[in-house]
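# After the sequence you'll find the predicted model.
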Amino acid sequence: MARDYKREEEKELIKRFDEYLKNKKFSFFELDDFIFIIDHYLEGGKLNKALKICNMAIEQYPFSIDLLLDKAQILINIEEYEEAMVYLDKASNLQPNDVEILLLKANILSLTGNYTEAIEIYESTLPLTEDKDEIYYHIGLTYQSLTQYEDAIKAYKQAIELNLNNENALYELAYCLDTIGELEGSISYYKKFIDADPYSHFAWYNLGIVYNKLEKYEEAIHAYEYAILIDEGFASAHFNMGNSYMELERFQEALNSYKQTLEQEGPSAEIYFCLGAVYEKIEQFELAIKYYRKAVKLDTMYDEALFGIGMCLNKQDKWYESIHFLNKALKLDPENHFYWQAVAEAEFKTGNILSSLDAYEEACSLDPGNINIWLDWSFIPYDQGHFEKAIELIFNAIEELPEASELYYRATAYLIAAGKYKEAFKYLENALVLNFDNHQMLFEFFPRLETQKALFKIIDQYRKENS
């Protein structure tokens with residue numbers, strides 16, 4: 001009852017303030033009221049409104065540290081770093097050596113590339129706070145921004161020595177060790193925490209993360225299992241175990257792990273996306289779409305979930321519906337070659353040849369080393385009977401990827417279709433040299449038995465001469 005009453009009071013406060021803004025009628029607000037109202041609009045993502053209210057509040061309470069810090073934080077969020085620093089200096093004059101003020105200053109310095117100064121400020125806060133592990137974590141991040149990975153590793157290790165449960169420090173430590181190629185050798189470091197406390201679910205969990213990064217998925221799963229045995233409600237361990245099962249293509253077990261995560265942690269866009277991905281893998285496309293839609297409902301900017309919907313529709317030959325969702329994903333991430341490639345295929349299937357060609361061209365410009373894009377792109381003019389255009393594209397592909405036998409076999413097919421037999425046999429010989437076994441792909445282009453026999457005769461002769 002008390003909680004419901006408090007919630008009603010808070011709603012009434014917001015309503016009263018909105019009426020005050022609308023009608024400009026005098027109304028007095030306590031400092032705590034202003035702070036609550038600012039937080040309310042910040043949580044709703046309404047930064048400009050929160051800033052406006054902050055300014056009004058500072059006029060009434062110019063010496064409030066909380067308001068000065070709120071304004072500085074809003075200015076940081078909208079990337080007005082110089083002005084934010086002005087308000088932090090004002091707060092610092094009122095309350096020197098305040099840790100929160102110093103941390104915000106260090107954050108601005110880091111965001112503006114002044115990493116050395118940021119580290120100096122972080123280090124100056126160490127004697128002033130009990131949460132030293134968080135300070136070391138931020139020092140590590142700053143060294144990481146400088147690509148000084150050895151120093152970052154030292155800082156993360158100091159954070160972990162102080163607090164084994166600092167998940168962020170453990171994760172970034174694994175990333176840095178992986179970057180400098182020392183992750184394998186660090187397993188003993190992580191096992192040290194287990195030896196010190198075998199019942200630390202967090203120690204087992206982080207060992208699992210290391211194994212996962214090393215692509216030792218079975219070992220990762222065993223580590224996560226120990227973490228869950230110690231703490232059955234450890235949602236992160238269930239989730240990461242699901243990811244390891246996905247890598248091993250053990251989809252039913254992945255599904256069970258993700259469902260456990262959902263039960264323990266509640267709904268999130270990420271867990272709905274993962275459930276959708278499992279259902280897509282086991283070809284239960286309607287269920288996959290259902291969960292991808294749930295992910296998008298919670299996060300409208302979740303382009304991977306929109307792409308997932310599009311791909312599920314593709315696999316059901318619902319090409320027109322697919323294009324709608326693929327284009328939505330593409331709008332959110334226009335530099336993603338997978339999205340362009342999928343759009344190109346869907347446009348081709350619906351007969352929108354020009355749109356398909358444009359999409360393949362864009363995909364290829366983003367990922368010119370992708371053989372499949374070249375093969376699919378060049379197939380369109382071939383399919384339309386424009387053999388010279390198909391040949392031109394595949395020659396461009398060979399120039400880009402001179403060691404890809406698939407491209408030489410495809411060039412052979414296009415040249416035969418264009419009646420350029422002598423040149424075709426030259427490309428066929430190159431293809432056979434690069435990868436003899438791939439010659440089977442050539443027969444897909446020539447269903448007539450007579451042509452297949454003629455090609456087989458040439459290929460068999462080459463095999464005998466080079467065996």
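Cool, the structure landed.

# tell me the contacts of Leu357?
344, 377, 380 (Cβ atoms under 8 Å, 6 or more residues apart in numbering). From N, CA and C alone the C-beta is placed, and that goes for glycine too.

# Sitting in helices, which of the residues you listed do you find?
344, 377, 380 (DSSP state H).

# so the residue nearest to the spatial centre of the chain is in which element?
Taking Cα atoms, centre = their mean, the centroid of the chain lies closest to Glu304, which sits 8.6 Å from it. Assigning secondary structure by DSSP states H and E places Glu304 in helix 303-315.

# same for that helix, what does it pack against?
Helices and strands touching helix 303-315, by 3 or more Cβ pairs under 8 Å, 6 or more residues apart in numbering; DSSP states H and E, are helix 269-281, helix 285-298, helix 319-332, helix 337-349.

# Nearest residue to the residue nearest to the centre of the chain in space, please, no chain neighbours.
Phe273 (6.3 Å; Cβ to Cβ, 6 or more residues apart in numbering).

# Poorly predicted segments of the stretch 1-150 of the chain, please.
Applying pLDDT under 70 to the stretch 1-150 of the chain flags residues 1-14, 16-29.

# ok, which stretches of it are helices?
Listed in chain order, the helices of the stretch 1-150 of the chain (DSSP state H, counting those that start in this stretch) span 2-23, 31-43, 47-60, 65-77, 81-94, 99-111, 115-125, 132-145, 149-162.

# how far away is Glu182 from Ala155?
Counting by Cβ to Cβ, to the nearest Å, the separation of Glu182 from Ala155 is 16 Å.

# if we can go back for a sec, switch the helices and strands packed on helix 303-315 over to a markdown table; also include mean pLDDT and mean neighbour count.
A markdown table is the format used below for the helices and strands packed on helix 303-315 (pLDDT from 0 to 100; neighbours: other Cβ atoms under 10 Å):
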| stretch | mean pLDDT | mean neighbour count |
| --- | --- | --- |
| helix 269-281 | 98 | 22 |
| helix 285-298 | 97 | 19 |
| helix 319-332 | 97 | 19 |
| helix 337-349 | 97 | 22 |
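
# Distance to Ala57 added to these, as JSON lines?
Compiled in JSON lines, those are given as follows (distance: least, Cβ to Cβ, whole Å):
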{"stretch": "helix 269-281", "distance to Ala57": "34"}
{"stretch": "helix 285-298", "distance to Ala57": "32"}
{"stretch": "helix 319-332", "distance to Ala57": "36"}
{"stretch": "helix 337-349", "distance to Ala57": "45"}
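
# right, so of those, which gets closest to Glu249?
Closest to Glu249 of the helices and strands packed on helix 303-315 is helix 269-281 (Cβ to Cβ; 7.6 Å).

# Just the buried positions in stretch 170-190, please.
Buried positions in stretch 170-190, judged by neighbour count with 16 or more other Cβ atoms under 10 Å: 170, 172-178, 183, 186-187, 190.

# can you redo those as JSON lines with distance to Asn327?
Below are those laid out as JSON lines (distance: Cβ to Cβ, whole Å):
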{"residue": "Leu170", "distance to Asn327": "39"}
{"residue": "Glu172", "distance to Asn327": "36"}
{"residue": "Leu173", "distance to Asn327": "40"}
{"residue": "Ala174", "distance to Asn327": "37"}
{"residue": "Tyr175", "distance to Asn327": "34"}
{"residue": "Cys176", "distance to Asn327": "38"}
{"residue": "Leu177", "distance to Asn327": "40"}
{"residue": "Asp178", "distance to Asn327": "36"}
{"residue": "Leu183", "distance to Asn327": "39"}
{"residue": "Ser186", "distance to Asn327": "44"}
{"residue": "Ile187", "distance to Asn327": "45"}
{"residue": "Tyr190", "distance to Asn327": "44"}
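
# taking those residues one by one, which sit in helices?
Short answer: the buried residues of stretch 170-190 in helices (DSSP H) are 170, 172-178, 187, 190.

# Closest one of these to Leu313?
Closest to Leu313, out of all of these and judged by Cβ to Cβ, is Tyr175, at 35.6 Å.

# hang on, isn't Phe285 packed against Cys312?
Yes: counting by Cβ atoms under 8 Å, Phe285 touches Cys312, with 4.3 Å between them.

# Please, which helix or strand holds Lys453?
Assigned by DSSP H and E, Lys453 belongs to helix 449-465.

# I'd like the mean pLDDT over that helix, please.
Mean pLDDT, computed over helix 449-465, is 80.

# how about that helix: buried residues?
Buried, per 16+ other Cβ under 10 Å, within helix 449-465: 455, 459, 462.

# Name the nearest of the residues you listed relative to Leu432.
Nearest member of the buried residues of helix 449-465 to Leu432, counting by Cβ to Cβ, is Tyr462, at 5.3 Å.

# can you put the buried residues of helix 449-465 in CSV and add distance to Phe446?
Shown next, in CSV, are those (distance: Cβ to Cβ, whole Å):
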residue, distance to Phe446
Leu455, 7
Ile459, 12
Tyr462, 17
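
# Contact partners for Ile209?
With contact set as Cβ under 8 Å, 6+ apart, Ile209 has these partners: 170-171, 174, 220, 240.

# So it, which state does it fall into?
Recorded secondary structure, Ile209: helix (DSSP: H, G, I helix; E, B strand; the rest coil).

# before we move on, the earlier item: and the ones in helices among the buried residues of stretch 170-190, which two are the farthest apart?
Of all pairs in those, the most separated under Cβ to Cβ is Glu172 and Ile187 at 17.2 Å.

# quick one: Tyr292 and Gly242, what's the gap?
From Tyr292 to Gly242 the distance is 16 Å (Cβ to Cβ).
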